[in-house]
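>>> need coordinates for the following:
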Amino acid sequence: MDQDGVWGTGRGGGVDLRADVPHPARMYDYYLGGKDNFPADREAAERALAANPEFRTTARANRAFLQRAVRHVAGQGIDQFLDIGTGIPTAGNTHEIAQLVNPAARVVYVDNDPIVLTHARALMAGMGLGRTAVLQADLRSPAAILAAPEVGELLDLDRPVALVLAAVLHFLPDEDEPALVLKTLIDALAPGSHLILSHGTADFIPDEIRDRVTGVYDRATAPLVGRSRAEVRTLLDGLEVLEPGVVTVPLWRPDADPDEAAHRVSMYGAVARKP
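Predicted coordinates for the structure are as follows:
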């Protein structure tokens, strides 16, 4: 364990940031107005924005959904969070929201980008609130995530956990079996655990725009697979989906009246409970 109650991997040696290849986490950071990205990320993000200017609005709406969902789940007494595909740290991260509700909340962040690991550990060092871990691992290897020492040391999987998969499953093509990945994770969690899920969709954009956007991500480190509302709902089979169900992220229990375009934002969100 690092100082101030922050856990890190401490493994790996040299870090290859692959700065010349666009990475979705760094592109997402750019959409949110962050500075933890490279020229290749910014160029790819601008191509995606040229195809669909609402990408930036969607990213911000997704961040707001995550915060509302974490606040709700923490308010239900969940004090353990496994956040996979966390991306570059920015204001209002899972641990900040959860620990506002319960300062003792524990959070394990997982991402496969070494720059995320570097920045997340730097951000959280010295906070001293609760206990937080950062693990470099890949969502496509869920069993390895569950077996990681950081998870076993910080989370008690015999008690309810909130699994956070915010804007990450759409980077797993069908051949990576996202439903099986999700099932493996859910099966390891105790009854009463919650899933916070958001997922990109092309339901509201023309095929031409969809193809231009996915073409950008095909040249990045991960493809982008928008799924329909029905496909996203299928991912939640076996879980109790909380009201209002699978909706575009601005419509999930908004803090204020959503604007007129909220129902067409290209990201679905849902919160579900394991019975």
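
>>> residue 223 and residue 217 touch, don't they?
Yes - with contact defined as C-beta atoms under 8 Å, residue 223 counts as touching residue 217 (5.4 Å). C-beta: built from backbone N, CA, C; applies to glycine.

>>> need the residues touching each of these two.
Both residue 223 and residue 217 are contacted by residue 171, under the criterion C-beta atoms under 8 Å, 6 or more residues apart in numbering.

>>> with neighbour numbers in mind, choose between those two.
More crowded of residue 223 and residue 217, by other C-beta atoms under 10 Å: residue 217, with 21 against 16.

>>> helix, strand, or coil at the more buried one?
Assigned with DSSP: H, G, I helix; E, B strand; the rest coil, residue 217 falls in the helix class.

>>> now it: closest residue in space, sequence neighbours ignored.
residue 224 (3.7 Å; C-beta to C-beta, 6 or more residues apart in numbering).

>>> nearest residue to residue 60 in space, please, no chain neighbours.
The nearest residue in space to residue 60 (C-beta to C-beta, 6+ apart) is residue 32, at 6.6 Å.

>>> just confirm residue 196 is within a helix.
No - going by three-state DSSP, the assignment for residue 196 is strand, not a helix.

>>> so what's the residue count around it?
With other C-beta under 10 Å as criterion, residue 196 counts 25.

>>> correct me, but it touches residue 66?
Yes - Residue 196 is within contact range of residue 66, at 6.9 Å (criterion: C-beta under 8 Å).

>>> shared neighbours of the two, anything?
164, 166.

>>> one step back: mind checking how far the residue nearest to residue 60 is from residue 137?
Residue 32 sits 23 Å away from residue 137, going by C-beta to C-beta, to the nearest Å.

>>> pick out whichever of the two has more residues nearby.
Higher neighbour count among residue 32 and residue 137: residue 137, with 20 against 17, using other C-beta under 10 Å.

>>> quick one, phi psi at that one?
Note on residue 137: its backbone torsions stand at phi -160, psi 170 [degrees, to the nearest 10].

>>> so who does it touch?
Residue 137 is in contact with 110-112, 144-145, 148, counting by C-beta under 8 Å, 6+ apart.

>>> what is the burial count for the residue lying closest to residue 240 once chain neighbours are set aside?
Excluding the flanking residues, the one nearest residue 240 by C-beta to C-beta, 6+ apart is residue 273, at 4.5 Å. Residue 273 has 18 neighbours, counted by other C-beta under 10 Å.

>>> which stretches of this protein have low pLDDT?
1-17, 89-91, 123-130, 220-221 (pLDDT under 70).

>>> what are the ranges of the strands in it?
With strands called from DSSP state E, the chain shows them at 6-7, 80-84, 106-111, 131-136, 162-166, 194-200, 240-241, 247-248, 267-273.

>>> switch these over to TSV; also include distance to residue 40.
Listed next are the strands of the chain as TSV, based on distance: least, C-beta to C-beta, whole Å:
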stretch	distance to residue 40
strand 6-7	30
strand 80-84	24
strand 106-111	18
strand 131-136	20
strand 162-166	24
strand 194-200	21
strand 240-241	38
strand 247-248	30
strand 267-273	24
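
>>> which of those sits closest to residue 21?
Comparison of these against residue 21 by C-beta to C-beta identifies strand 106-111 as nearest, at 15.8 Å.

>>> buried ones in the closest one?
Buried residues in strand 106-111, counting neighbours by 16 or more other C-beta atoms under 10 Å, are found at 106-111.

>>> ok, now which ones touch the residue nearest the centre of the chain?
With distances taken as C-alpha atoms, centre = their mean, the residue of the chain nearest its centroid is residue 166 (2.8 Å). Contact analysis of residue 166 by C-beta under 8 Å, 6+ apart lists 62, 65-66, 83, 85-86, 196-198.

>>> ok, which stretches of the stretch 51-200 of the chain are helices?
In the stretch 51-200 of the chain, the segments counted as helices under DSSP state H, counting those that start in this stretch are 55-75, 94-101, 114-124, 142-147, 149-154, 178-187.

>>> give the burial count for the closest residue in space to residue 212 that isn't next to it in sequence, as a bare number.
Closest residue to residue 212 apart from its sequence neighbours, by C-beta to C-beta, 6+ apart: residue 51 at 3.8 Å. Around residue 51 there are 18 other residues, counting by other C-beta under 10 Å.
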